[in-house]
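Trainee: can't give you the sequence, but here's the structure:
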């Protein structure tokens, strides 16, 4: 196979799906009736387009909320993360196990290269693997981009549900790419927003965001270049950029604001002024992760806060073990570094729905013969 298709597996996953034809030890079955083709050794191969069709934001919000609740209740194993730095970016692997009627292991290997936009490539790309956690069988390989975007937006919505004011009507989105779009859409599932502000260092990107999302969501969206004023007028602020230097300052934030800090998922990325965490109630997705790669990491280094001053992990609040918002005046920061259980919850929805949807599923049937 390697001699016949020397470049095949250097290509993106979606291209592999389109290019594999007749390979000796990998069989691609397009549009199969799954009950006739699935066996214990078959692995589903799902592209970004497949996932977009199979995973909706509302069901993902519900699944991610359940994942946080189970984690807070101590009913699931703590997830793991590994990070590796590269010259102009980095890689991380996040993995977790959950029993969702069936025991699943899910691992995501993501590359994050902020300069890729200049090359016409996605900033984030990678693969999600889904395995049976009982016997280790490889059940599915999935493109990671869409799962990462949707599950991250879902986590923002879950945090907003428990931490934003009930009467929140205005949101500021800093970073108007795919993550900004899903963040706004997700928040509107849990709060009745009437207006949003779009802020991006690329003004054209902000304008596209405003036009597209205003039409899609039916609310007013204003493009802004005065970040301070927009933040002061916002009940909810979402930062989802690749910034390496903070831009959201403590004096920009009015009392009662909820801030979802999404962009910092490695030690060199930062969106919030460290002092902002010292004047806010801080909630993390996973404390150890935030202390290493999140906004909390920078606040700890600056001596603005200590680990003991962190109010809670989001799972504790969702599980009812600790309170969320306790007053209309408190400012709350959610430090979202990306919990692997979010990937598990989202990937399982995709996998199980793909099994039910025979019309567009590709199957890799790996040769199970012992080569020796």
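Mentor: Nice, thanks for sending it over. Quick caveat: nothing in here was measured; it's all calculated off a predicted structure.

Trainee: tell me the buried residues in stretch 242-249?
Mentor: Under the neighbour-count criterion of 16 or more other CB atoms under 10 Å, stretch 242-249 has 242, 243, 246, 247, 248 buried. To be clear about C-beta, it is placed using only N, CA and C from the backbone, and glycine gets the same treatment.

Trainee: check contacts around the first one.
Mentor: For residue 242, the contacting residues are 114, 123, 175, 263, 269, by CB atoms under 8 Å, 6 or more residues apart in numbering.

Trainee: the last one touches residue 240, doesn't it?
Mentor: Spelled out, that is residue 269. No - checked against CB atoms under 8 Å, the pair residue 269 and residue 240 is beyond contact range at 11.1 Å.

Trainee: of the contacts of residue 242, select the buried ones using a ChimeraX command.
Mentor: Per 16+ other CB under 10 Å, the buried members of those correspond to this ChimeraX selection:
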select :114,123,175,263,269
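
Trainee: which one of the contacts of residue 242 is nearest to residue 345?
Mentor: Nearest to residue 345 among these is residue 263, at 21.6 Å by CB to CB.

Trainee: before we move on, back to that, need the overlap of contacts for residue 269 and residue 240.
Mentor: Common contacts of residue 269 and residue 240 (CB under 8 Å, 6+ apart): residue 263.

Trainee: point out where this protein drops to low pLDDT.
Mentor: Applying pLDDT under 70 to the chain flags residues 1-41, 358-372.

Trainee: how about 90 then?
Mentor: For the chain, the stretches flagged by pLDDT under 90 are 1-42, 83, 85, 87-90, 112-124, 242, 265-268, 357-372.

Trainee: center of it, which residue is that?
Mentor: Nearest to the mean C-alpha position of the chain, counting by CA atoms, centre = their mean, stands residue 152 at 2.6 Å.

Trainee: so it sits against residue 339, correct?
Mentor: No - checked against CB under 8 Å, the pair residue 152 and residue 339 is beyond contact range at 9.9 Å.

Trainee: measure the closest residue to residue 158 other than its chain neighbours to residue 149 for me?
Mentor: Nearest residue to residue 158 in three dimensions, chain neighbours excluded: residue 65, at 4.7 Å (CB to CB, 6 or more residues apart in numbering). Per CB to CB, to the nearest Å, residue 65 is found 18 Å from residue 149.

Trainee: ok, now residue 254?
Mentor: Separation of residue 254 from residue 149 (CB to CB) stands at 29 Å.

Trainee: higher neighbour count, the two?
Mentor: Between residue 254 and residue 149, counted using other CB atoms under 10 Å, the more crowded position is residue 149 (24 against 13).

Trainee: outline the domain layout of the protein.
Mentor: 8-147+342-366, 151-339 (automatic domain parsing).

Trainee: deepest of those domains, which one?
Mentor: For those, the largest average neighbour count (mean count of other CB atoms under 10 Å) is found in domain 151-339, namely a mean of 21.

Trainee: test my guess that residue 124 contacts residue 148.
Mentor: Yes - counting by CB under 8 Å, residue 124 touches residue 148, with 5.9 Å between them.

Trainee: who are the contact partners of residue 67?
Mentor: Residue 67 touches 76, 98, 339, 341, 342, 344, 345, counting by CB under 8 Å, 6+ apart.

Trainee: and with 6 Å instead?
Mentor: The contact partners of residue 67, by CB atoms under 6 Å, 6 or more residues apart in numbering, come to 341, 345.

Trainee: what does the one 10 residues further on give?
Mentor: When the contact criterion is CB under 6 Å, 6+ apart, the partners of residue 77 are residue 97.

Trainee: distance check, residue 263 against residue 88.
Mentor: Using CB to CB, residue 263 is found at 17 Å from residue 88.

Trainee: could you do residue 354 as well?
Mentor: As defined by CB to CB, residue 354 lies at a distance of 34 Å from residue 88.

Trainee: now swap in residue 76 and tell me
Mentor: Relative to residue 88, and taking CB to CB, residue 76 is found at 35 Å.
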